[in-house]
Each structure stands twice: as structure tokens, then as C-alpha cells.
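*Asks:* give me a 3D structure for the following:
(one chain, ligands or ions: 1)
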Amino acid sequence: MRVTFCCDDTRPDAWLQGLRTALPDAEVDIWAPGSPQADYALVWAPPQRFIDEQPGLKAMFNIGAGVDALLPLCLPPGLPVYRLEDAGMAVQMAEYVCQAVIRFFRGLDGYEADMAQGLWQHRPNPRRADCPVGVMGLGRMGERVARTLTVFDFPVNGWSRTPHAIDGVRGFSGTRELDAFLAGTRVLVNLLPLTPDTENIIDARSLGLLRSGAYVINVGRGGHVVDEDLVAAIDGGHVSGALLDVFRTEPLPEGHPFWAHPRITLTPHTSARTLARDSVEQIVGKLAALVRGETVTGRVDLRRGY
Ligand code: GLV
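*Replies:* Numbering: from 1, shown residues only. Model prediction:
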């Protein structure tokens, strides 16, 4: 069996070593134009040339949860594509989002600024009821985030394409319930997959529906947010700030208005890092199940986009 690795932006060593240890009888290599035919591939944003040169693939494993980079490609019909399911990312996402929600709710930026100026003062206690958190996207990571937020007693709303029942989370679904979800939300957390249906979903209209003094946390994809609408909503005062981990172009281009905005906090696409060891373990488990002819979870529906 030959397994190939086509992930340009990823340091390959841990992946190759993990694959070679777990699959001692397999040939494991890094793909380059002209490489021999492989049976299975691990990919991240592969070029079309890779797809064209590997018509014999039995399955392709995306080494991330989001598969938006695969959607523009012309893939052989019927090629099974699997995404990572959690693989150690959901807990990271929960900790990243919860620290941000708590930081916003408790006004910690303000306290830190006060203390930096030698000011010892208390601000009014925030009311949890005034801080409903709305989680968009209730896949593996969104669900973990929503459930973790309920531990801190925040009112939590969840929105997804199809209904998802999560204990302690008020569920909304489909386009028809989007506005009601937004209107009941103060902190908006985006974990949606990027598809033609969700692109630009955080625009002037949806930001305007949020409760006043809203806060936006984007850990989905940059393409979900209309950048200039977010800046305008913050400058206009309806939205009080944002924490952004993902951007339309990454790295965020020099001179982009997000860089210098005093109410926007940025991190470099780091909310949930892909963990090579956990991911290899998951992928090898799926690969072995496929070889045994079993059904495997996490298959991407490319028409749906996730
Ligand atoms: C990262 O952004 C991922 O899709 O896993």
C-alpha cells in the first residue's frame, strides 16, 4: 500500500514518522509532481495537479476539520473524502472560545488597562442574563464549545443548518430561524463550515440584529465575515469588539484595517491546532477500517460542503 502526503503548509516530519510507525508495510512519501500512484492520501489544500495525477486514490483524508479548500477542486466523482473529527481540536476550541467569552463578560481588558495606569477600581457586576452567547455551527467543535459554555451558566443559543439538540442549549436551525437566533445573541461565536451558503453570513445585516454591545468571535473561516461591515459595526458602536482567529487571506495582509483596530484582537489561526499524533491515529484507524471494508465516519459530502 502507498500513502502520500500532500500538505504544503505543514511540517511533514511528525506525520510521516507517525504514518510509517503505524503502517510499517506501507510506502509513505511526500507527494511531488510525477510521484507514483498512491492508494491513500493525506491532504491539506492540495493543488488540482495532485488530484489529476492521482486518479487511483481509494480515499483522501483532509488533515483538518474544514474542507473548504477542497471545494473549488475538480475531484473524481465517488472519491471518498474524510475530514478530521475532533482529533484533539474540540477541547482547544472550547478553551479558546470560553476564555474569550469570559474575558469579554468580566471586562478583563478594562481591568488590565486600569491597573496598568495604577487605578484600583471596581466596575459594575455584569449580569450573565445580559450575555447570551450564540454559537453558529454545531458540528463536533461547535457542540463542544456550546456545552462548555453552559458549564459557566451563560445562556447559550445554538444555530445550525439542521436541528441539533444539545442539553442546556436553545436550538435554532435553518435560514428561517437565523434572525431570531441573532436577535437573542450578545456574543456571537462562529464555527460554521465555509460553503457558498455560509460565505459572508456575518455582514452588516446580521451584525445589526445582534444585541447592542455585541462581541464577535470568529474561529470558523475568514470568508464568513464581511470585513468592512464588521469594522463599521464596531466603529458605529453597535458591536463593542471582536476576536478574530481566521481571515480571508492568511497571513493577514500588511495594512489590513484589522491589524491596527483598537477593539479587534487577532490571533494567527491558532484556536485549534491540528495535532499530528492524534490525527495520524484517527486517520490510520479509519484507513484500516476502510481496508476491512467497514463504513467510516467523517465522510465529507462535497455537494453540501462539509
Ligand atoms: C482548521 O482550520 C481546520 O479546518 O481544521
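*Asks:* contacts only, for residue 224.
*Replies:* 190, 192, 194, 198-202, 218 (C-beta atoms under 8 Å, 6 or more residues apart in numbering). Any C-beta I mention is one placed from the backbone N, CA and C, and that applies to glycine too.
*Asks:* mind running it again at 6 Å?
*Replies:* 190, 201-202 (C-beta atoms under 6 Å, 6 or more residues apart in numbering).
*Asks:* out of these, which sit inside strands?
*Replies:* Among the contacts of residue 224, DSSP state E puts residue 190 in strands.
*Asks:* mark which of the contacts of residue 224 are buried, thanks.
*Replies:* By neighbour count, with 16 or more other C-beta atoms under 10 Å, these hold 190, 201-202 as buried.
*Asks:* right, and out of those, which lies closest to residue 304?
*Replies:* residue 201 (15.6 Å; C-beta to C-beta).
*Asks:* would you mind measuring from that closest one to residue 99?
*Replies:* 24 Å (C-beta to C-beta, to the nearest Å).
*Asks:* what do you get for residue 189?
*Replies:* Distance, residue 189 to residue 99, by C-beta to C-beta: 12 Å.
*Asks:* who's more crowded, those two?
*Replies:* The neighbour comparison of residue 189 against residue 99 (other C-beta atoms under 10 Å) goes to residue 189, with 30 against 12.
*Asks:* could you look up the SS state of the residue in the stretch 101-250 of the chain that the ligand sits nearest to?
*Replies:* Of all residues in the stretch 101-250 of the chain, residue 246 sits closest to the ligand, at 7.0 Å by C-beta to the nearest ligand atom. Using DSSP: H, G, I helix; E, B strand; the rest coil, the structure places residue 246 in coil.
*Asks:* now do it: how many residues are near it, please.
*Replies:* If you count neighbours by other C-beta under 10 Å, residue 246 ends up with 22.
*Asks:* list the contacts for the residue nearest to it when sequence neighbours are not counted?
*Replies:* Distances taken as C-beta to C-beta, 6 or more residues apart in numbering place residue 222 nearest to residue 246, at 4.8 Å, with adjacent residues excluded. Taking C-beta under 6 Å, 6+ apart, we find residue 222 in contact with 246-248.
*Asks:* so what's residue 56 closest to, chain neighbours aside?
*Replies:* Residue 56 sits nearest to residue 37 (C-beta to C-beta, 6+ apart), 4.4 Å away.
*Asks:* just say helix, strand or coil for that neighbour.
*Replies:* Assigned by three-state DSSP, the conformation of residue 37 is coil.
*Asks:* residue 8 versus that one, what's the distance?
*Replies:* Counting by C-beta to C-beta - residue 37 and residue 8 are separated by 20 Å.
*Asks:* swap in residue 281?
*Replies:* For residue 281, the distance to residue 8 - C-beta to C-beta - is 23 Å.
*Asks:* with residue 124 instead?
*Replies:* Counting by C-beta to C-beta - residue 124 and residue 8 are separated by 50 Å.
*Asks:* report the distance from stretch 101-111 to the chain centre.
*Replies:* 23 Å (C-alpha atoms, centre = their mean, to the nearest Å).
*Asks:* for that stretch, buried residues please.
*Replies:* 101, 104-105.
*Asks:* save the contacts of residue 224 as TSV, and put in pLDDT and distance to the ligand too.
*Replies:* Shown next, in TSV, are the contacts of residue 224 (pLDDT from 0 to 100; distance: C-beta to the nearest ligand atom, whole Å):
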residue	pLDDT	distance to the ligand
190	99	12
201	98	17
202	98	17
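*Asks:* hang on, the earlier thing: in JSON lines, list the contacts of residue 222 along with pLDDT.
*Replies:* Shown next, in JSON lines, are the contacts of residue 222 (pLDDT from 0 to 100):
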{"residue": "246", "pLDDT": "98"}
{"residue": "247", "pLDDT": "98"}
{"residue": "248", "pLDDT": "98"}
